[in-house]
Structures are given as C-alpha cells and as structure tokens.
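Asker: Got a sequence here, can you model it:
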Amino acid sequence: MEDPNKKALEEEIKAYRKLQGVALTDEFKEFSDRLVKTVTDKMIYAFTSDSIKSWEDYCRVKGEIIARLQPIQEVFEAGSMARSLEERLKEYYANENNLT
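Answerer: I've put the predicted structure just below:
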C-alpha cells in the first residue's frame, strides 16, 4: 500500500514542474513584463507624489506591490521548489528503505 503523503509529494512535484514550464513561454514573459512595469510605475508614483502620508498608506502600497509580484515569483521559483521536494522525496525513500 502506497503512503498518501508520498503520493501527495509526487503530485506536488509534477505540478511545480508544469509551472516551471510556464516561465519559458512568450505569454508569461509578456505577463511578467507588464506586472513589473505596473509595479515600477506604482512605486515611482507612491514615493514621488507624496501619496504616502501614513503607515496605513505605506502598508497598502506595499501590499499591492507584493500581490502583483507574487505570481511572478511563484512561477520563477517553481524549479527550485520542485528540486527541494524531490530531495524530500529521496530522503523519504531512503528512510523507508532503512526501516525495512
């Protein structure tokens, strides 16, 4: 009987590998370039127009910037996440084999 945790880890690795492939597409490059431009414009406006008058204003702008950049980070780090999970899976196999 296969361990459900092992199966879930294998599925997560597959998902990250698929996501890694997205980063190589022209469409994603266009998407990420657009988000970076939007964030750059937002930062320039926020810090040069005196629109940040309080800590709450700063947190709001920071949250918007992070929210726009997070999808790019997720896609570009997918390969690293997959490698990390594969290492965990190898450790799982090694520990499983040592127990038997």
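Asker: how much space between residue 85 and residue 4?
Answerer: Distance of residue 85 to residue 4, given as Cβ to Cβ, to the nearest Å: 15 Å. All C-beta spots, glycine's among them, are computed from the backbone N, C-alpha and C.
Asker: neighbour count winner among the two?
Answerer: Taking other Cβ atoms under 10 Å, residue 85 and residue 4 do not tie; residue 85 has more neighbours (18 against 8).
Asker: Spatially nearest residue to residue 35, not counting backbone neighbours?
Answerer: Spatial nearest neighbour of residue 35, excluding adjacent residues (Cβ to Cβ, 6 or more residues apart in numbering): residue 68 at 5.1 Å.
Asker: Provide a list of residues in contact with that neighbour.
Answerer: 35, 38, 39, 42 (Cβ atoms under 8 Å, 6 or more residues apart in numbering).
Asker: Stretch 67-82: which residues count as buried?
Answerer: For stretch 67-82, a neighbour-count test (16 or more other Cβ atoms under 10 Å) marks 72, 75, 78, 81, 82 as buried.
Asker: Out of those residues, which is nearest to residue 55?
Answerer: Among these, residue 72 lies closest to residue 55 (Cβ to Cβ), at 26.5 Å.
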